[in-house]
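Chemist: Return a 3D structure for these sequence lines:
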Amino acid sequence: MHIYIFGNLNSGKTTLSKQIQGRLPDFIYLSLDEYRIRFGDGTEQGEQLACEYFLAAVKQQENAIVEFTGYGQTASLLTNQLDRKTGISICCTRDIEQSINSIDDEKYSETPYPSSYKRLQAVDEAIIFLKDKVMPTALETHWQRQIWQSYCFDFSDNFDAFWAAFPLSQHTWVSKLNKVLSTDTSVSTALLYGSLGANQLTKRSDIDLFIQSSISVQE
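Modeler: Got it, this is the predicted structure:
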């Protein structure tokens, strides 16, 4: 299962990712910015290389916490490469003024963004530019073919309370069922519906599944 952590710059994505990894130590943490630090050099070629390695890692890892804005060229490439639903998304939100006022210039200077990015926008300008593009509704629409359900986590929210209500068991079973059914040639149709289909899965939800198979009842 992939847990996608999306959101604007300086909205708390890394903090939330690390908190979730603390609860799910078997999940690999994949951050686009960390791949930029490892493989990028501030050039367009370096950015392309970092994105290629990042995309390959996301596709390779079965259980991963995937952190980036969820918008832009990398998002488009990833959604095109993932031909089925692979997990859930959590969109990080934060008051825009708070995000801008708490910018850590040293932190962003350590990430080798392409020089073309820096010429076009400073970090505060990028936050304003991305505001509407990384809204939960916009991200949910863009990623609807890849995610089962979307969640929101505001910077002011309590993580322990959020995680206590998070239906991890249900999503884990959905991921397992999806993996089995997608490779079973006898299954012509598999439809998950109910609360999951309505984007309202909770810890009390059942997993409602309809299967159409070529195997007869007698078999």
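
Chemist: Where does the prediction get shaky in this structure?
Modeler: Along the chain, the parts satisfying pLDDT under 70 run over 116, 118-120, 217-219.

Chemist: mind redoing it with 90?
Modeler: Along the chain, the model assigns pLDDT under 90 to residues 42-44, 83-85, 105-122, 176-200, 207-219.

Chemist: where do the strands sit along it?
Modeler: Residue ranges of the strands in the chain, as given by DSSP state E, are 2-7, 28-31, 64-67, 87-93, 147-154, 187-193, 208-213.

Chemist: Only the buried residues of stretch 111-125, if you could.
Modeler: By 16 or more other C-beta atoms under 10 Å, the buried positions in stretch 111-125 come out as 112-114, 123. In short, each C-beta sits where N, CA and C put it, glycine included.

Chemist: for stretch 78-93, same thing?
Modeler: Across stretch 78-93, burial judged by 16+ other C-beta under 10 Å covers 78-79, 82, 85-93.

Chemist: Would you agree Ser93 is in contact with Asn10?
Modeler: In this structure residue 93 is Thr, not Ser. No - with contact defined as C-beta atoms under 8 Å, Thr93 does not count as touching Asn10 (11.6 Å).

Chemist: coming back round to it: for Tyr4, state which of the buried residues of stretch 78-93 is nearest.
Modeler: Tyr4 has its nearest neighbour among these in Ser89, at 4.2 Å by C-beta to C-beta.

Chemist: Excluding chain neighbours, what is closest to the closest one?
Modeler: Tyr4 (4.2 Å; C-beta to C-beta, 6 or more residues apart in numbering).

Chemist: ok, the one you found - contacts?
Modeler: If you count contacts by C-beta atoms under 8 Å, 6 or more residues apart in numbering, Tyr4 has them with 66-67, 70, 87-90, 143, 146-147.

Chemist: Could you export the residues you listed to TSV, including columns for distance to Asp132?
Modeler: Listed next are these as TSV, based on distance: C-beta to C-beta, whole Å:
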residue	distance to Asp132
Val66	22
Glu67	21
Gly70	13
Gly87	24
Ile88	22
Ser89	17
Ile90	19
Trp143	16
Gln146	21
Ile147	20
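
Chemist: Quick one: neighbours of the closest residue in space to Glu140 that isn't next to it in sequence, just the number.
Modeler: Of all residues not flanking Glu140 in the chain, Ser150 sits nearest, at 4.5 Å (C-beta to C-beta, 6+ apart). Neighbours of Ser150 under the rule other C-beta atoms under 10 Å: 19.

Chemist: quick revisit: nearest to Leu16, of the buried residues of stretch 111-125?
Modeler: Val123 (19.3 Å).

Chemist: Roughly how far does the closest one sit from Thr14?
Modeler: Per C-beta to C-beta, to the nearest Å, Val123 is found 15 Å from Thr14.

Chemist: Break the protein down into its structural domains.
Modeler: Taking automatic domain parsing as the domain assignment, the ranges for the chain are 2-166, 169-213.
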